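[1] with the input below, show me the fold.
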Amino acid sequence: MHGVAVTVLGRAAEFVDKRGAVLLERFLRKHPHLEAFAQAPTTALCGAEAC
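    Numbers count the residues shown, from 1 in each chain. Predicted coordinates:
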C-alpha cells in the first residue's frame, strides 16, 4: 500500500446546482459503497479549477 498527495493552486467551489446532482449520481454509480458518506450533511461535492 502506498499514498499519494497532490497540491493544487486555484479556485474551488461547492456544486450545489443540478450539475452537482448529476456528478453525485455518476460518483455513486462508480462507488456505491460510499453512498452514506456522500449523502452525509457534513460532506460537500466540490470542484477545483487549477491555475
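
[2] for the spatially most central residue of the chain, what are its contacts?
    Centroid check for the chain by Cα atoms, centre = their mean gives residue 45 as the closest residue, at 3.9 Å. Residue 45 makes contacts with 14-15, 20, 23-24, 27, 38, as judged by Cβ atoms under 8 Å, 6 or more residues apart in numbering. Where C-beta positions appear, they are placed from N, C-alpha and C, glycine not excepted.

[3] and residue 8, what pLDDT?
    The confidence metric pLDDT takes the value 85 at residue 8.

[4] would you pull up how far the longest helix along the chain lies from the middle of the chain?
    The residue-count maximum for a helix in the chain (DSSP state H) belongs to helix 18-30. For helix 18-30, the distance from its own C-alpha centre to the chain's C-alpha centre is 9 Å (Cα atoms, centre = their mean, to the nearest Å).

[5] just after it, pick out the following helix or strand.
    Sequence-wise, the next helix or strand downstream of helix 18-30 (DSSP states H and E) is helix 35-39.

[6] can you spell out which helices and strands pack onto that next one?
    helix 18-30 (3 or more Cβ pairs under 8 Å, 6 or more residues apart in numbering; DSSP states H and E).

[7] residues making contact with the helix it packs on?
    14-15, 34-35, 38, 45, 47.

[8] returning to what we had before: go through the longest helix of the chain and flag the buried ones.
    residue 24 (16 or more other Cβ atoms under 10 Å).
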